[in-house]
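> The following comprises the amino acid sequence and a computationally predicted model.
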Amino acid sequence: MPRFAFDIDPAWRIPLLLLGVSPARAFAAVEEDGFMVRFGPWVLRTPLSNIIDATVTGPYSPLKVFGARMSLVDLGVSFGTNARRGVCVRFRTPVPALAPGGLLTHPGATLTVSDPEGLMKALTGSQDA
C-alpha cells in the first residue's frame, strides 16, 4: 500500500521535532480499507469510502500551515511541514484528528506530503494532476 512522507522544510525541522514530528513519525498511508495520517503524536484514520475528493493546493501562508492546527473558518485540520504545496482531502463525515477522544472533528485535512499528485491519485484514482 502506498505511503507518502511529509516534505519537511529544513528551516522547520527543529521546531517540528520539538512537537514530536520527525520523518519516521510523519506520513500518510493509503491502505486497502482506509486512509491513515500520522503526524507526530496526532493520528487521523478514516475509511476510503469517507473521502469525497483530494486536490493539490498551495502555496500557503507559513503561519496558517505550520505544524498541527485547525482552521477556525472551516474547522479543517492542517498537518504542515512546508508552505509550498500539499493535498487538501475532504471527508463526507468529519473525522477526529487533533483532540483526544474525538472531541473535535474535521471536514477536511491539508497534508504537505512530498508527492501531492501521487497521494491525490492514490485517494481518488484520478489521472489528472
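Nice, thanks for sending it over.
> dump the residue contacts of the residue minimising distance to the centre of the chain.
The centre of the chain sits closest to Leu111, judged by CA atoms, centre = their mean, with a distance of 2.8 Å. Leu111 sits next to 4, 6, 28, 37, 79, 86-87, 89, 119 when contact means CB atoms under 8 Å, 6 or more residues apart in numbering. The way it works is simple: take the backbone N, C-alpha and C, and place the C-beta from them, glycine included.
> List the ones among those residues that fall in helices.
Using DSSP state H, the subset of the contacts of Leu111 located in helices is Leu119.
> Which members of the contacts of Leu111 occur in strands, if any?
Judged by DSSP state E, strands contain the following of those: 4, 28, 37, 79, 86-87, 89.
> Are any of the residues you listed buried, and if so which?
Buried subset of the ones in strands among the contacts of Leu111 (neighbour count, 16 or more other CB atoms under 10 Å): 4, 28, 37, 79, 86-87, 89.
> quick one: which two of the contacts of Leu111 are the most distant?
The most widely separated members of the contacts of Leu111, counting by CB to CB, are Phe6 and Val89 (14.0 Å).
> Can you show me the helices along this protein?
Applying DSSP H to the chain gives helices spanning 13-18, 62-65, 116-124.
> Quick check: which of those helices is buried the most?
Most buried of the helices of the chain, by mean neighbour count (mean count of other CB atoms under 10 Å): helix 116-124, with a mean of 19.
> And for it, what's in contact with it?
Counting by CB under 8 Å, 6+ apart, 2, 4, 28, 30, 35, 48, 51, 53-56, 58, 85-87, 89, 111, 113, 126-127, 129 sit against helix 116-124.
> Of the residues you listed, select the buried ones using a PyMOL command.
Buried residues among the contacts of helix 116-124 (16+ other CB under 10 Å), as a PyMOL selection:
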select buried, resi 4+28+30+35+51+54+55+86+87+89+111+113
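> Return the subset of the contacts of helix 116-124 lying in strands.
With strands taken from DSSP E, the overlap with the contacts of helix 116-124 comprises 4, 28, 30, 35, 51, 53-56, 86-87, 89, 111.
> dump the residue contacts of the closest residue to Leu104 other than its chain neighbours.
Nearest residue to Leu104 in three dimensions, chain neighbours excluded: Leu98, at 5.5 Å (CB to CB, 6 or more residues apart in numbering). By CB under 8 Å, 6+ apart, the contact list for Leu98 reads 42, 68, 70, 77, 104, 106.
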